[in-house]
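# Sequence and predicted structure below; questions after.
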Amino acid sequence: MTDTGKQLTKLVYDALCAVCKDSNIDVDFSMDSISCEIPPKPEYGDMAFPMFAFAKRFRTAPVKIAAAVAGKISTPDAQVLVAGPYVNFKIDRKAVVQGILSSVASEKDDFGRNDSLKGNKIVVEFSCPNTNKPLHLGHLRNDSIGESVSRIFAFNNGDVKKVNLINDRGIHICKSMAAYQKFGEGKTPESEHIKGDHFVGDYYVRYNTWSQSDETAEPVAREMLVKWEAGDEEVRKLWTLMNSWTIGGIQETYKKTGISFDKIYYESQTYKSGKKAILDGLEKGLFYKDEKNTVWVDLAEIGLDKKVLLRGDGTSLYLTQDIGTAIARHEDWPFDRLYYVVGSEQQYHFKVLFYVLQKLGYDWAKSLYHLSYGMVNLPEGKMKSREGKVVDADDLIEELEQMAKDEIIAKGRENEIDDIDKAAEAIALGALNYFLLSTMPSKDMVFNPAESLSFNGNTGPYLQYTGARICSMLRKYEGNTDDVDFSLITGDDEWELVKSLGNFSDVVKQAGADYNPMLIATYLYNLAKHYSKYYHDYSILKNDDEKVTVARVALSKAVLQVLKNGFALIGIPFLEKM
RNA sequence: GAUCCAUUAGCUCAGCUGGAUAGAGCGCUUCCCUCCUAAGGAAGAGGCCGCCCGUUCAAAUCGGGCAUGGAUCACCA
């Protein structure tokens, strides 16, 4: 495609020069200034050259320039069209089709893989749950984005490490512990047959109701935190036990949603770090101390106020700790970039964090990114943990699975599918991940259970269904596609499909550059949509001419392959049957 | 008071570094199991792209202002 594009660009350039000569205008532009586009509709041709850029120079309307330029071009390779302000070409599609379909067939699961991030060491930190409650829908969005961008970076051949930092200490953890100590009566997740994270989460809720009616609750939690920091044996024991329950439960959820990490950090092990860096900075005069020995940073340089880096008693804060872990991480593995997948409400925090690291003289601080994502709201407003207005992750997944199962049975597909439970799980996960990733990360999104859980239309299951149909068709096809006459797949609808396949790699690159999985989701939806129309309008298996069948099957195989490759990037399980 | 983000169809969202008649899905009104899965396809209705200026041959897109909604801001994470 690019070769053809270059040839045509040269033709257009030469014609433009000729037009300049006729009008006595100096040629002060190069070939690079000519842009080449793919027209939005097939009837406009296959390649388009807009003439807008020359309107000013020529003091002529783009439409007239296009006509003049087109008049100067004659080539046996392509047909020239004037479409308003554009000079368009219809080209010989066969070679392009052959090129793209052959690459898909030979590169298979690696089709779309490229070197745009080769040599880049990239850390993606995401999820970062607390150990006092189970995951909710907001965490699922975080996980989904983190896992997906990691896969996209890796598909651009970046060297990716996924890390998690578990927030396992602090007053909120002590609250669930305090409630358990008071009301637990030695119960365990096993004895109550409850998933560990939910078990602990129930005590966190219990604490909140307790503290509302009894003012002795708060001192209990506070005292527990002091004991924890002092290393009190009994408190530590309880802490270890309850954390193991929660983390065990959360890991089950990770397993279910296809999330994994290369390394898991625990805040209890890192929360004291950063102190030394701050003191060093203080010595260098980067920060200042007040009369209470509190260490401050002045943020006037970046238009902000000031911020505490170290308490007067020498203890660390969230920011201090993040400074420490960032430094430690870079020492562990000198990354080229580090992405923090964290909600948009922490934009201020990261702005300050990056600034302080830069001030401390760490050059790599400019390679830190806050991959900020918006909140997941409910139609009636925000999710509020304390009021119990949250969409629990496990509950949501279970509900989706049940719906998928019902759907399979309602469609009478249970005999066609080998393992209904497995298929239902895959459909549920596909629906969930597609839903979470098809909105731009930076934007807030609304989760309307009734509408969001649909399996029709622009959804994950629609994509899975498109793939499953192709598979089902291929199972019925006996022949092979070793010898394809590519000239038989040059119709407009087929051309659109092939063009789309050819774009996949660019979309993967763009998604990597923008760290935006939504681009993959949108791309896949459009591909599936084009294919569905094609599938409906064209007979693929039953044709008078066997050669036509071969060609169409080859095209279908290529679409299937690209769908598969894209699915892997946004966490949509591929299904051969559904 | 300040900073950041958002505002596109009834609802949920696309629209890339400005360019050909503003696009999907859901919902609504119709039509299609002709072959390979109807979890599908086709058609229709539905838009001052929040408002006002500006830059440009060209603005949903860029800049400024305003309005509305949200997030954040001095020792919570």
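Here it is on my side, so go on.
# Got the domain ranges for chain A?
The record's domain parsing of chain A by automatic domain parsing lists A:2-91, A:121-283+A:315-377, A:284-314, A:393-570.
# Next one: stretch A:465-481, is it in contact with RNA strand B?
Yes: judged by C-beta under 7 Å from any atom of the strand, stretch A:465-481 comes into contact with RNA strand B at A:465, A:468-469, A:471-473, A:476. Glycine gets a C-beta too; all of them are placed from N, C-alpha and C.
# ok, what's across the strand from the closest residue in space to A:Pro50 that isn't next to it in sequence?
Distances taken as C-beta to C-beta, 6 or more residues apart in numbering place A:Tyr86 nearest to A:Pro50, at 5.4 Å, with adjacent residues excluded. Assessed by DSSP bridges, A:Tyr86 has beta-bridge partners A:Pro50, A:Ala83.
# And for A:Tyr86, the neighbour number?
A:Tyr86: 21 surrounding residues under other C-beta atoms under 10 Å.
# Spit out the contact partners of A:Leu541.
A:473, A:476-477, A:549, A:553 (C-beta atoms under 8 Å, 6 or more residues apart in numbering).
# Run through chain A and note the low-pLDDT ranges.
Under the criterion pLDDT under 70, the flagged ranges of chain A are A:1-3, A:32-33, A:385-388.
# tell me the centre residue of it?
A:Pro517 (3.2 Å; C-alpha atoms, centre = their mean).
# circling back to that earlier point, adding neighbour count and secondary structure, write the contacts of A:Leu541 out as JSON lines.
Formatted as JSON lines, the contacts of A:Leu541 follow (neighbours: other C-beta atoms under 10 Å; DSSP: H, G, I helix; E, B strand; the rest coil):
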{"residue": "A:Met473", "neighbour count": "17", "secondary structure": "helix"}
{"residue": "A:Lys476", "neighbour count": "7", "secondary structure": "helix"}
{"residue": "A:Tyr477", "neighbour count": "16", "secondary structure": "coil"}
{"residue": "A:Thr549", "neighbour count": "19", "secondary structure": "helix"}
{"residue": "A:Val553", "neighbour count": "20", "secondary structure": "helix"}
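# Relative to A:Ala53, which of the residues you listed is nearest.
Comparing the contacts of A:Leu541 against A:Ala53 with C-beta to C-beta places A:Val553 closest, at 43.2 Å.
# what's the distance between that closest one and RNA strand B?
A:Val553 sits 9 Å away from RNA strand B, going by C-beta to the nearest atom of the strand, to the nearest Å.
# pretty sure that residue is in contact with A:Tyr538, am I right?
No: in this structure, A:Val553 is not within contact of A:Tyr538 by C-beta atoms under 8 Å, at 11.4 Å.
# rewinding a little: for the residue nearest to the centre of chain A, list the residues it contacts.
So A:Pro517 contacts A:144-145, A:148-149, A:152, A:437, A:441, A:511, A:569-570 (C-beta under 8 Å, 6+ apart).
# Tell me the spacing between the residue nearest to A:Lys276 when sequence neighbours are not counted and RNA strand B.
Leaving aside its sequence neighbours, A:Lys276 sits nearest to A:Gly324 (C-beta to C-beta, 6+ apart; 7.9 Å). Going from A:Gly324 to RNA strand B by C-beta to the nearest atom of the strand gives 12 Å.
# name the helices or strands packed onto the strand or helix carrying A:Gly324?
Using DSSP states H and E, A:Gly324 maps to helix A:318-332. On a contact count with 3 or more C-beta pairs under 8 Å, 6 or more residues apart in numbering; DSSP states H and E, helix A:318-332 meets helix A:267-270, helix A:275-283, strand A:306-310, strand A:337-343, helix A:347-359.
# Touching that helix from outside, list them.
A:123, A:163, A:165, A:265, A:267, A:270-278, A:307-310, A:316, A:335, A:338, A:349, A:352-353, A:356-357, A:360, A:362, A:364, A:368.
# Over to stretch A:282-292?
Residues from elsewhere that reach stretch A:282-292, judged by C-beta under 8 Å, 6+ apart: A:278, A:281, A:295-298, A:309, A:312, A:359-360.
# Spell out whether it and RNA strand B are in contact.
Yes: residues of stretch A:282-292 contacting RNA strand B under C-beta under 7 Å from any atom of the strand: A:290, A:292.
# And for stretch A:346-356?
Yes: counting by C-beta under 7 Å from any atom of the strand, RNA strand B is contacted by stretch A:346-356 at A:346-349.
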